[in-house]
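Asker: Quick one: sequence plus predicted model below, questions after.
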Amino acid sequence: MARKKIVAGNWKMNMTPSQAVELVNTLKPLVASDEVEVVYCVPAVDIVPVVEAVKGSNVVVGAENMYFEEKGAYTGEISAAMLVDAGVKYVIIGHSERRDYFKEDDVLLNKKVKKAFEAGLVPILCCGESLEQRETGVTLDWIRLQIKSDLQGVSAAQVASMVIAYEPIWAIGTGKTATTEQAQEVCKAIRETIAEIYDEATADAVRIQYGGSVNAENAAELFAQPDIDGGLVGGASLKADFGKIVNYK
Ligand code: PGA
């Protein structure tokens, strides 16, 4: 089965609502593509204007985070239902910045993944090792542990529809991209883990992105790997370069 490539921008804590609309309008002609699914994961306050600004284009909107509870006294949090109602399709879950700065652990992330599916959102679940973990040779064990923990109680059909982003922490925002071989090795291991927990058909269907200093120069080689189905792009998603990444061929 041919998997459709998916290139998602992760805007992080950048772009005020008016800057966001300007960026969407600038990128609109550059990111047009029939072959690649294009997603902008934007700050919560930008969601409503960005959903409006991408109307009529090939771009769909994602959130950068959500909370797992239905509603209620969780000051500052945003529910899955709120995102769906605002027109959001994807939600990044477990980005390393959330895991690190905001102490989100796999128990919490598993709840978020399940809630996202329940509400009709598609999770982009992030995983990735630190430099220390890579240097001590535990990368693949660590990634398998993250995937298995975060997907507990998630069905094969749900996994088949979702996106997993492999983002080595040492490559995020550092300009130090993983080598094509390193990225492919881990993305393949993720697919094998899915086959092990579920089955071959699910592993064949799930889309796996690479993230970490993806840019207009390295995208083509990375996305040509058999187990890399696109990218999660931080810094370069805020520039015209994002169009080159989408149209990487
Ligand atoms: P980067 O960020 O492309 O700026 O390295 C990627 C990410 O954190 O998703």
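Answerer: Done, it's in.
Asker: Am I right that Cys127 is in contact with Ile92?
Answerer: No. Cys127 is beyond contact range of Ile92, at 11.9 Å (criterion: C-beta atoms under 8 Å). Any C-beta I mention is one placed from the backbone N, CA and C, and that applies to glycine too.
Asker: list the residues that contact both of these two?
Answerer: Ala165 (C-beta atoms under 8 Å, 6 or more residues apart in numbering).
Asker: For Asp162, which non-adjacent residue is closest in space?
Answerer: Just to correct that, residue 162 is Met rather than Asp. In this structure, Met162 finds its nearest non-sequential neighbour in Pro123, 5.2 Å apart by C-beta to C-beta, 6 or more residues apart in numbering.
Asker: Show the contacting residues for that neighbour.
Answerer: 90-93, 112-113, 116-117, 162-163.
Asker: Which one (most neighbours) among those residues?
Answerer: Neighbour counts for the contacts of Pro123 peak at Ile93, which has 29 neighbours (criterion: other C-beta atoms under 10 Å).
Asker: picking up where we left off before, now intersect the contacts of Pro123 with the helices, please.
Answerer: Applying DSSP state H to those, the entries found in helices are 112-113, 116-117.
Asker: Which pair in those has the greatest spatial separation?
Answerer: Using C-beta to C-beta, the ones in helices among the contacts of Pro123 reach their maximum pairwise distance at Lys112 and Phe117, which is 9.9 Å.
Asker: Serialize the contacts of Pro123 to a markdown table and add fields for pLDDT.
Answerer: Listed next are those as a markdown table, based on pLDDT from 0 to 100:
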| residue | pLDDT |
| --- | --- |
| Tyr90 | 99 |
| Val91 | 99 |
| Ile92 | 99 |
| Ile93 | 98 |
| Lys112 | 99 |
| Val113 | 99 |
| Ala116 | 98 |
| Phe117 | 98 |
| Met162 | 98 |
| Val163 | 99 |
